[in-house]
Structure formats: structure tokens, C-alpha cells
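A.B. asks: Only the shape, not the letters, is given here:
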């Protein structure tokens, strides 16, 4: 994908419109999300439901677990409740949500507690989230609740923290595709006090819970996890909004790092350093490789594959785009992705040419990056180990526009020099053209500069160099050529 143009992608716009159209046909999913039981998810959900009912919204209770908490039970008053359906399991009557009755009633919104709940055998779906998906397909919106430990991707981490393996989980896709997620937060000390007061479980069960799952360290870790998950979700929503509205960033509402990688052994160190920085800054991170017309050698391709695999192992998303102007590609991508920090490596400088080329790259990156911060990370021991490495041929990656602009500069200066050559001498003209090539080298690539040097030498030799100079040198007293005498200031003819 080429990022040279800022025009919107028609396919992306069409896909977005189709996605919005499909969403409008379905119900909306609102999740009340918390770090664990007892933070007030069901209570808050019922409060919102009562407020919606006052607005005239047709809202009912499909399944709500009050745990006999009096304040929660009071919030159910005035709301229509769909009777539960009874299933027989091992001579035990199990009461579950009546899915068919809810769909037949077809309210605007239905409250369904405990998204990760496993249904009794004999139910149409084994999981409650599957019931909710069917309700949404019928155009009914759903309010539901979920704890962080019930997310599929977090269950193992929670088990490591708490020592308790959670069996009932929900696919992350359900959470990510929810229309709204409201985080219900509570300080750990306040939650522990609620447990002690018997507002979450019975006094006997609360004492056991505080000694096991509800230790303060566990709660703090789960709280951080829940807040980070919601923060990441909000960040994705902002990114999607900026993409849909074609807003160029960055909006520094959060930290977003972009690492520019390539077929260099230094990229591995760069990726590790950037990953560490993202942890310390609490930032998300992705890597970018800009593919140019320069064909990689087998060794370079192998190194590039290693770098990309390392990025994936570090959990860094890798994007690959095609553009001959690396600086412009990086900056355009960063602006579209709302990147706040660009991180690039500083390769080892082997020669004056390399130093000029590096300086031009860094200066252009800083100049075009605007209010995006740029980090330049240097190399150390790896460069010393490869000090004797042969200098490779510089890549020719300039675009056709540069090859067209360069001759215009050379021809323009040559015309000006031709008009004044009789006054300043052909030696000064040569220095002017040489100076021009040196200045252009700071802004253009290898190929265009070689073209400029060749073209300026050709013009100077055939159009600006005095062809009758040998006449003057052979007969200085008799030669009357103005170009000869103006060039040497008549020093030999006097």
C-alpha cells in the first residue's frame, strides 16, 4: 500500500458503510465491565435501566442475579421480569433465562446478567453469550455484565495472579465488538470493606473469599488489568474515528510508538529497546518496514525476516508498506495511525558520504514529523564487531520526480554561468557547478546526484570551457581571443 496520496481508500469506505448498515439491523451490546465481583456492575446496570425506563424506553429484565442484596432487589421494582425457564439436571431443577420468551416479547432493551455464565444442559446454547448473540440478531439491545477474569485472553494471567483457574470464559471478540463498555471501578480498600460488611457474599463466604481470591494484591492487579483493557479499547475507538473522518494525527491523548525497522542487525536492538520503552511509558507500539525499489540481497532478506519475527515474538504488530521515499512514508503512516513517537536507528557512519546521507535522512524526518517526537537510537558494540565489513554500494531508491528536477537545476545554473563566464572566468564556473552538485547531495539521492555530476561536467566541457585556449598558449602575443585573455586576465599577453 502506498501512502504517498492522502485520498481515502474507496474499498475501506464501502466496507465501513456495509459494516454500519449491518450493525444498524442488530441490537446494541452494552457491557458493564469490572475487575471482579462486588464492584457494583449489576447495581449500576439496574440504575441505568431505571433511567432508561423513565425516558419511555421499553426495557425488561431477562436475567438478573441480585444475590439477595436488598439495595439491588429494590432497583428491579417497576421493571418487567421475564420468568425463568426450568431445566432438569441430575434430579435437580435449574432455572435459566427463557431465550424464546425474550425474543417473542421483543423489547427495545433486555438486561442479561453474567455474560460468561454456562447454561444448564438441555438449553439451546451451552453459553449465555451465545444466547445474547441470538437476541442481538433479532434486533434487541442487551445490557450485560462481565468481570475481567472471564475474558478468554486474560484467564491464564488471572490464574497466575490469584492461583484460581477460571473455567467460564468469553471470547475476546464478543468484548471487542461490543457497542459500549462501561468500566465499573472501586478502590480495593472499599471493595474489601464491602466484603467484610457482607454486601457481596454471606459473612462466612466473605471471610473465605478475602483469604483467597480477594487479597488486596490480587484486587490491585485485576483492577490495573481491567483499566488497561478499557483504555486500549478507547484508544482503538479513537483510531477508528480518526481513520473514518480522515483526521491526520497525532492527537496526543495517549502514547503511541512507531519503530522503523529494516534489513539491519541493529533493528533487533531497536525493537527490544522500544518494547521496554513502551512498558515504562504505558504506550502501545507497532513496527513499520518501508519497502523500496532497492532489491535486498539474500543476506539482507534473511536479516529482515529475523527482525520481523522478533517483533512478533515481542508482541509488536508489524506493518509493511511500499514507498520510494522512506521519510515521507514513515511520517504519513505515523500521522494516519495517530503515532506520538517515531523511533529510528542510527546506523554506523563509514564515510563522509554516509554521514551526509544519514544527516539528510534525520533532518528530513525531523522537519516533516511536525509535532511527532522523534527518537534516534545509536548503535554500539555491534558496529565495532563489524568494523572491517566492506562498504556496500549505496542504494538507488530515488523516484522519477528527482531525476526530472535535477537536470533543471543544472541547466538553469549552466545558462546563468554561460551568460557571465566572460566576466568571471571558466575556472569560477567550474567551482559554481561543483558547489551546486554538493548542495543538491544534501537533498537528493545517489542516482540523481550522479546524474547532476555527469550532466554538469558534460555542459562545462562542451559549452563553458574555452576550446581555443591552446591557441593562446601557443601564441600568447598574437592571440586575440577574448575568451583566452579574459580567462587568464591577459597575464601571458602583456
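C.D. replies: Nice, thanks for sending it over. Owing to the predicted nature of the structure, the values given are computational and were not obtained by experimental measurement.

A.B. asks: Only C-alpha atoms from now on, for both contacts and neighbour counts.
C.D. replies: Noted.

A.B. asks: what bits of the protein have low per-residue confidence?
C.D. replies: 1-24, 198, 201-213, 235-254, 282, 346-360, 378-398, 465-494 (pLDDT under 70).

A.B. asks: Strands along that one, start to end?
C.D. replies: Assignment of strands within the chain using DSSP state E yields the ranges 29-34, 59-63, 80-81, 85-89, 92-96, 109-112, 141-147, 180-184, 256-260, 284-291, 317-322, 341-346, 373-378.

A.B. asks: So which other helices or strands are in contact with the last one?
C.D. replies: Under the contact definition 3 or more CA pairs under 8 Å, 6 or more residues apart in numbering; DSSP states H and E, strand 373-378 sits against strand 341-346.

A.B. asks: Name the residues that touch stretch 59-75?
C.D. replies: Applying CA atoms under 8 Å, 6 or more residues apart in numbering, the contact partners of stretch 59-75 are 42-43, 46-47, 49-50, 52-53, 79-84, 96-98, 102, 107-113, 199-201.

A.B. asks: hmm, which of those residues are the buried ones?
C.D. replies: Under a neighbour-count criterion of 16 or more other CA atoms under 10 Å, the subset of the contacts of stretch 59-75 counted as buried comprises 42-43, 46, 49-50, 53, 81-82, 96-98, 102, 107, 109-113, 199-201.

A.B. asks: among those residues, which are in helices?
C.D. replies: Among these, the members found in helices (DSSP state H) are 42, 43, 46, 49, 50, 53, 102.

A.B. asks: Farthest pair within these?
C.D. replies: Maximum pairwise distance in those, criterion CA to CA, is 21.5 Å, between 43 and 102.

A.B. asks: Domain ranges for the chain, per the record?
C.D. replies: As assigned by automatic domain parsing, the chain contains the domains 10-244, 256-385, 400-488.

A.B. asks: For residue 188, see how far away residue 364 is.
C.D. replies: In this structure, residue 364 lies at 50 Å from residue 188, with CA to CA, to the nearest Å as the measure.

A.B. asks: Same check on residue 32?
C.D. replies: Taking CA to CA, one finds residue 32 at 18 Å from residue 188.

A.B. asks: Of these two, give the one with the bigger neighbour count.
C.D. replies: Shown here are residue 32 and residue 188; by other CA atoms under 10 Å, residue 32 has more neighbours (23 against 19).

A.B. asks: wait, isn't that one in contact with residue 146?
C.D. replies: Yes: at 6.3 Å, residue 32 counts as touching residue 146 under the criterion of CA atoms under 8 Å.

A.B. asks: Please report how far residue 96 lies from residue 127.
C.D. replies: 11 Å.

A.B. asks: Ok, residue 326 next?
C.D. replies: Taking CA to CA, one finds residue 326 at 49 Å from residue 127.

A.B. asks: ok, now residue 432?
C.D. replies: 80 Å.

A.B. asks: got it, and residue 59?
C.D. replies: When distance is defined by CA to CA, residue 59 is 23 Å away from residue 127.

A.B. asks: So for the two, which residue has more residues nearby?
C.D. replies: Counting neighbours by other CA under 10 Å for residue 59 and for residue 127 shows that residue 59 has the greater number, 23 against 18.

A.B. asks: Please name the spatially closest residue to the more buried one (chain neighbours excluded).
C.D. replies: Leaving aside its chain neighbours, residue 59 sits nearest to residue 109 (4.6 Å; criterion: CA to CA, 6 or more residues apart in numbering).
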